[in-house]
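In: Structural data only, the sequence is not supplied:
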């Protein structure tokens, strides 16, 4: 039979009257059932059980499919309308998809299938190449390559803000080994570090990783008494400070400081350099990778031309 606009409209009206309306009746009754199970949704799914809540042609909707959406509904009244809308939207998509398979011209369906296959193949290819790139990143980008790039481009890595190396401890004023803590903190030899680590449970807060560069924001995060109002005093130059309030004593030492526009230290921007070098070599690496795949296929007779 010739498919015309009138025929399609007639079919749609017939389906709507016979099937779709019946489906919507089912959906409305199922909505009540779903709401009963919202509270126990986690236990149902986690116990390996699942509940069928709707069918559209040969497509099935389960409670686990909408589990995450149900958690967003705040009230029962809100849930009733939203669950109904959720199921109706799902049904519309599936029913229209099935109608498209029946009513679209064969050549159109063939073209769509070809586009889907191409897109699927492209997704697999691109994801695989990215996976290989990431897995080989540390191998391809050795320390020497990164260091050489940094040495050759130091002037391009100027700091946009000051950096600091610091040590910090705060503890109650009445600590019985207060004086020894101060002595050990200032001397900071390996044996002192071990001693301070052993007492860390007594500290209100502390940061002893003085080889790590921090910007001002991170420094404020580590040192509880520092803020924009007093940073010009305590972050002005390398110096040891003792500050106290009614409860705690704060030991703070600025070990080293780098000003804005100075060359950024290698350890601070190592990951940035790694990404730059990686991206610069990415195109060449991908081309070599693709060529190697082809050469290997020819060698193992997985690819032949006739």
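Out: Received the coordinates, thanks. Values in this document were obtained by computation on a predicted structure and should not be read as measured data.
In: Okay, helices next: where are they in the stretch 101-250 of the chain?
Out: Ranges of helices within the stretch 101-250 of the chain are 106-140, 143-152, 178-187, 190-198, 216-222, 231-234, based on DSSP state H, counting those that start in this stretch.
In: For those helices, give me a markdown table that also has distance to residue 305 and mean neighbour count.
Out: Just so you know, the C-beta spots here come from the backbone N, C-alpha and C atoms, and that holds for glycine as well. A markdown table is the format used below for those (distance: least, C-beta to C-beta, whole Å; neighbours: other C-beta atoms under 10 Å):
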| stretch | distance to residue 305 | mean neighbour count |
| --- | --- | --- |
| helix 106-140 | 20 | 11 |
| helix 143-152 | 38 | 13 |
| helix 178-187 | 74 | 15 |
| helix 190-198 | 67 | 13 |
| helix 216-222 | 59 | 15 |
| helix 231-234 | 70 | 14 |
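In: Make CSV from these and add mean pLDDT and distance to residue 273 to it.
Out: Below are these laid out as CSV (pLDDT from 0 to 100; distance: least, C-beta to C-beta, whole Å):
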stretch, mean pLDDT, distance to residue 273
helix 106-140, 89, 13
helix 143-152, 90, 5
helix 178-187, 96, 34
helix 190-198, 96, 30
helix 216-222, 95, 20
helix 231-234, 93, 29
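In: Redo the ones you listed as a markdown table? Include distance to residue 67.
Out: Putting those into a markdown table (distance: least, C-beta to C-beta, whole Å) gives the following:
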| stretch | distance to residue 67 |
| --- | --- |
| helix 106-140 | 26 |
| helix 143-152 | 45 |
| helix 178-187 | 53 |
| helix 190-198 | 45 |
| helix 216-222 | 37 |
| helix 231-234 | 49 |
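In: wait, which of the ones you listed is closest to residue 276?
Out: Smallest distance to residue 276 across those (C-beta to C-beta): 7.4 Å, for helix 143-152.
In: From the chain's centroid, how far away is the closest one?
Out: Offset of helix 143-152 from its chain centre (C-alpha atoms, centre = their mean, to the nearest Å): 29 Å.
In: so which of the helices of the stretch 101-250 of the chain comes closest to residue 302?
Out: helix 106-140 (16.0 Å).
In: for the helices of the stretch 101-250 of the chain, which one sits closest to residue 85?
Out: helix 106-140 (27.9 Å).
In: any idea of the angle the helix or strand where residue 81 lies forms with helix 106-140?
Out: Using DSSP states H and E, the element containing residue 81 is helix 76-103. Per axes from the mean of the first three to the mean of the last three C-alpha atoms, to 10 degrees, the angle that helix 76-103 makes with helix 106-140 is 110 degrees.
In: Point out the one among the helices of the stretch 101-250 of the chain that comes closest to residue 295.
Out: Closest among the helices of the stretch 101-250 of the chain, once you apply C-beta to C-beta, is helix 106-140, at 15.7 Å.
In: can you count the residues close to the closest residue in space to residue 51 that isn't next to it in sequence?
Out: Spatial nearest neighbour of residue 51, excluding adjacent residues (C-beta to C-beta, 6 or more residues apart in numbering): residue 63 at 4.2 Å. Residues near residue 63, counting by other C-beta atoms under 10 Å, number 21.
In: my guess is residue 63 contacts residue 49, does it?
Out: No - when contacts are counted by C-beta atoms under 8 Å, residue 63 is not listed as touching residue 49 (9.1 Å).
In: Can you find the helix or strand in this protein with the smallest mean pLDDT?
Out: Least confident element among the helices and strands of the chain, by mean pLDDT, DSSP states H and E: helix 5-15 (a mean of 39).
In: For the residue nearest to residue 203 when sequence neighbours are not counted, give me its contacts.
Out: Leaving aside its chain neighbours, residue 203 sits nearest to residue 171 (4.9 Å; criterion: C-beta to C-beta, 6+ apart). Residue 171 makes contact with 178, 181, 202-204, 248-249, according to C-beta atoms under 8 Å, 6 or more residues apart in numbering.
In: In the residues you listed, find the pair that's most separated.
Out: Between any two of the contacts of residue 171 (C-beta to C-beta), the greatest distance is 13.1 Å, for 178 and 204.
In: How about stretch 93-106, which residues are buried there?
Out: By 16 or more other C-beta atoms under 10 Å, the buried positions in stretch 93-106 come out as 94-95.
In: ok so, going back, please name every helix or strand in contact with the helix holding residue 81.
Out: When contacts are defined as 3 or more C-beta pairs under 8 Å, 6 or more residues apart in numbering; DSSP states H and E, helix 76-103 packs onto helix 5-15, helix 21-37, strand 52-56, strand 59-62, helix 67-70.
In: what angle sits between the third one and helix 76-103?
Out: Here strand 52-56 points in a direction 40 degrees away from that of helix 76-103 (the same axes, to 10 degrees).
In: Good, we can wrap up now.
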